[in-house]
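K.L.:
Pasted the sequence and its predicted model underneath.
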Amino acid sequence: MPSRFILPTLALAVFFVGATEFMLSAMLSPLAFAFHTTPSQASWLVSSYALSYAVAAPIFGYLSDRMDRRRLLLVSLVLFSIDGLALTIAPSFGAAIALRVFGGLASAALIPTAFALVADVIPAHRQSAAMGAVMIGMTSGIVSGPVIAGVLTEAFDWRAPFLVTAVGCLLTVAIAQRAIPPQASRHLEPKARRFVWLSRGILIRPLVAKGLWNGTAVAGFLLAGEVLRQRHELGIAATGVSISAFGMGLLLGNLGVGRAIRLFGGDDRTLLAALLLLCAAVGGFMLSPMSLAGDLACLTAWGFALGLAAPTSTAILATRAGDEKGQVLSLSESLNNLTILFVLPLAAMQFDGTGATGAALVLGAFLAVGLFLAITDLATRAPKQS
């Protein structure tokens, strides 16, 4: 299979991760019912996944810089599929959480490795657009995941979406074995000094900033389905279809990365513009109850902003990281998931107690710090615009 299929195959791989993670936003109530708990407690199925991802990602990132990334990608896809299959027969809520931890480990190997492979095979000046192309896969999973989950859950039960994504992962393994040649994966010989990049502010500022704004935006989205369901009295399938507006916005953002970079004159300015839009969209959705159409417009803008910001930030980090891109990109994913781990339960508790306004205060605080760090980084690097 020609090498031009590498990017579509990586996009397909991350599609199933995105679908599996984000379809839970339409399933918190049925999962809570199935495991005899509450929707806010069911959100720990997301947080446990995020915790294991956060802990394991730096380890897998370090290994991916020194081993065959192609093989690591294939193994992680198989493990992710096994996790989905096992979840459908989980005997208790505790067992389901344990399996989500296992799924987080598989994702911790899969996602950073996929984007490190992009950085291996694509020239630096094209990496933002290439990252966006692969993120279209994850975005498509985010778009279709809640819809598929809502429809399949109503037609069958909560197990059906996990079965579908598990089988899809196995099919992707077969495709990837042919589409990604062994020579596409580079790895380095061990160096005497490792992790020296940790002392470089040029990487630490954007790493922490991305962890805060990206993780907070995702945590907020995972609550958005429940906000819509309660605010507009929607059913499960209708909730899944409605929150897909976020995914459609993400898709448009991913597709528009290259054009936005040309419009704003560089990666850094594009990132800042996207983050300003992100803060406005999140605040508008949470703090200003509108008609369903108005809420969906805010969700679309929310997704569009994140769809621009995520690949642009990933390309910035990959370029600055140089030979240690596997470590840096995996730590970035780790920080994203640590933020989800802390923000989602806190925002969910505030939502249960004081509604969307309380959740908005939590989300706004973390977004504000992330935006401040991004602005500081831009100001520091203004003379060196990419």
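P.N.:
Yep, it's here.
K.L.:
So which bits of the host helix or strand of Thr216 are buried?
P.N.:
Element membership of Thr216 [criterion: DSSP states H and E] is helix 201-232. Residues of helix 201-232 classed as buried: 203, 205-229 (neighbour count, 16 or more other C-beta atoms under 10 Å). Quick note: C-beta positions are derived from backbone N, CA and C, even for glycine.
K.L.:
Let me know the angle separating the helix or strand that it is followed by from helix 201-232.
P.N.:
Once the chain leaves helix 201-232, the next helix or strand it forms, by DSSP H and E, is helix 236-255. Helix 236-255 runs at 150 degrees relative to helix 201-232, counting by axes from the mean of the first three to the mean of the last three C-alpha atoms, to 10 degrees.
K.L.:
what separates helix 236-255 from the chain centre, distance-wise?
P.N.:
Helix 236-255 sits 14 Å away from the centroid of its parent chain (C-alpha atoms, centre = their mean, to the nearest Å).
K.L.:
Which other helices and strands does the following helix or strand past that helix contact?
P.N.:
Sequence-wise, the next helix or strand downstream of helix 236-255 (DSSP H and E) is helix 257-264. Counting contacts by 3 or more C-beta pairs under 8 Å, 6 or more residues apart in numbering; DSSP states H and E, helix 257-264 packs against helix 127-155, helix 267-287, helix 292-321.
K.L.:
Could you dump those into JSON lines with mean neighbour count and distance to Ile82 added?
P.N.:
As requested, these are arranged in JSON lines below (neighbours: other C-beta atoms under 10 Å; distance: least, C-beta to C-beta, whole Å):
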{"stretch": "helix 127-155", "mean neighbour count": "24", "distance to Ile82": "19"}
{"stretch": "helix 267-287", "mean neighbour count": "21", "distance to Ile82": "35"}
{"stretch": "helix 292-321", "mean neighbour count": "24", "distance to Ile82": "28"}
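K.L.:
hmm, back to that, helices or strands up against the helix holding Thr216?
P.N.:
Judged by 3+ C-beta pairs under 8 Å, 6+ apart, helix 201-232 is in contact with helix 28-34, helix 236-255, helix 267-287, helix 292-321, helix 325-354, helix 356-381.
K.L.:
quick check: mean pLDDT across it?
P.N.:
The average pLDDT within helix 201-232 is 87.
K.L.:
That one: how far from the chain's middle?
P.N.:
Offset of helix 201-232 from its chain centre (C-alpha atoms, centre = their mean): 9 Å.
K.L.:
relative to helix 127-155, how tilted is it?
P.N.:
Here helix 201-232 runs at 30 degrees with respect to helix 127-155, directions being taken by the same axes, to 10 degrees.
K.L.:
so what's Ile122 closest to, chain neighbours aside?
P.N.:
Ala130 (4.2 Å; C-beta to C-beta, 6 or more residues apart in numbering).
K.L.:
is it true that that neighbour touches Leu117?
P.N.:
No. Using C-beta atoms under 8 Å, Ala130 makes no contact with Leu117, being 10.2 Å away.
K.L.:
and of the helices and strands packed on helix 257-264, who's closest to Gly364?
P.N.:
helix 267-287 (6.5 Å; C-beta to C-beta).
K.L.:
mind checking the SS state of Ile89?
P.N.:
In three-state terms, and counting by DSSP: H, G, I helix; E, B strand; the rest coil, Ile89 is coil.
K.L.:
from here on, count from 55
P.N.:
I'll keep to 55 as the first residue from here, and by that count the last item is Ile143.
K.L.:
Pull the number of nearby residues for it.
P.N.:
The local packing of Ile143 (other C-beta atoms under 10 Å) involves 9 other residues.
K.L.:
From Ala209, how far off is it?
P.N.:
20 Å (C-beta to C-beta, to the nearest Å).
K.L.:
Compare the helices and strands packed on helix 255-286 and give me the one nearest Gln231.
P.N.:
Comparison of those against Gln231 by C-beta to C-beta identifies helix 379-408 as nearest, at 21.2 Å.
K.L.:
Strands along the stretch 105-254 of the chain, start to end?
P.N.:
Per DSSP state E, counting those that start in this stretch, the stretch 105-254 of the chain carries no strands over any range.
K.L.:
Where does pLDDT dip in it?
P.N.:
237-254 (pLDDT under 70).
K.L.:
where along it do the helices fall?
P.N.:
Secondary structure of the stretch 105-254 of the chain, counting by DSSP state H, counting those that start in this stretch: helices at 123-141, 147-175, 181-209, 213-233.
K.L.:
Buried ones in the last one, by neighbour count?
P.N.:
Neighbour-count burial for helix 213-233 flags 213-216, 218-220, 222-224, 226-227, 229-230, 233 (criterion: 16+ other C-beta under 10 Å).
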